[in-house]
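1. following is a predicted model, sequence given first.
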Amino acid sequence: MSLNELKEDINKGHEIEFVYKGKEYAISHTKKGCHFNDVNNEGAEQIFGNVDDLVANLKIEGKYIEEILNDFKDVYIY
């Protein structure tokens, strides 16, 4: 999955679930913005204004999503 494909899927309203370094994460898009959820850490949700904001600011284990996208495992798009 490329960064552009990820952004397109999120903008279409799809939910993206993936595993990174053995931990589960989810990204979804609602009227309130883009939601990032660390499934392993209940309540660790972050909300971003839009997809570009999420890509520019979200860090997972200290790395931006663009840097680690190729390391995602078990990617599901709903």
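-> Noted; the coordinates are in hand. Remember, predicted model here, so these are calculated numbers, not experimental data. Residues are numbered from 1 along each chain as shown.

2. element containing residue 8, please.
-> Assessed by DSSP states H and E, residue 8 sits inside helix 3-11.

3. and the angle for the next helix or strand after that helix with helix 3-11?
-> Moving toward the C-terminus from helix 3-11, the next helix or strand (DSSP H and E) is strand 16-20. Orientation check (axes from the mean of the first three to the mean of the last three C-alpha atoms, to 10 degrees): strand 16-20 against helix 3-11 gives 130 degrees.

4. what does strand 16-20 contact?
-> 6, 9-10, 24-28, 39, 60-61, 68, 71-78 (C-beta atoms under 8 Å, 6 or more residues apart in numbering). (Glycine included, C-beta is placed from N, CA and C.)

5. how about a cut-off of 10 Å?
-> 1, 5-6, 9-10, 24-29, 36-40, 60-61, 63, 65, 68-69, 71-78 (C-beta atoms under 10 Å, 6 or more residues apart in numbering).

6. drop anything exposed from these.
-> 6, 9-10, 25-29, 36-38, 60, 65, 68-69, 72 (16 or more other C-beta atoms under 10 Å).

7. which residue of the protein sits farthest from its center?
-> In the chain, the greatest distance from the average C-alpha position (C-alpha atoms, centre = their mean) is reached by residue 31, at 16.2 Å.

8. got the contact list for the spatially closest residue to residue 21 that is not a sequence neighbour?
-> The shortest distance from residue 21 to any non-neighbouring residue, by C-beta to C-beta, 6 or more residues apart in numbering, is to residue 61 (6.6 Å). By C-beta under 10 Å, 6+ apart, the contact set of residue 61 is 20, 21, 23, 68.

9. per-residue pLDDT, the residue farthest from the centre of the chain?
-> pLDDT, residue 31: 85.

10. try the one 4 residues further on
-> In this prediction, residue 35 carries a pLDDT score of 94.

11. and the strands in the chain, which stretches?
-> 16-20, 23-30, 33-38, 45-48, 59-60, 63-64, 73-77 (DSSP state E).

12. and the first one, what's buried?
-> Neighbour-count burial for strand 16-20 flags 16, 17, 18, 19, 20 (criterion: 16+ other C-beta under 10 Å).
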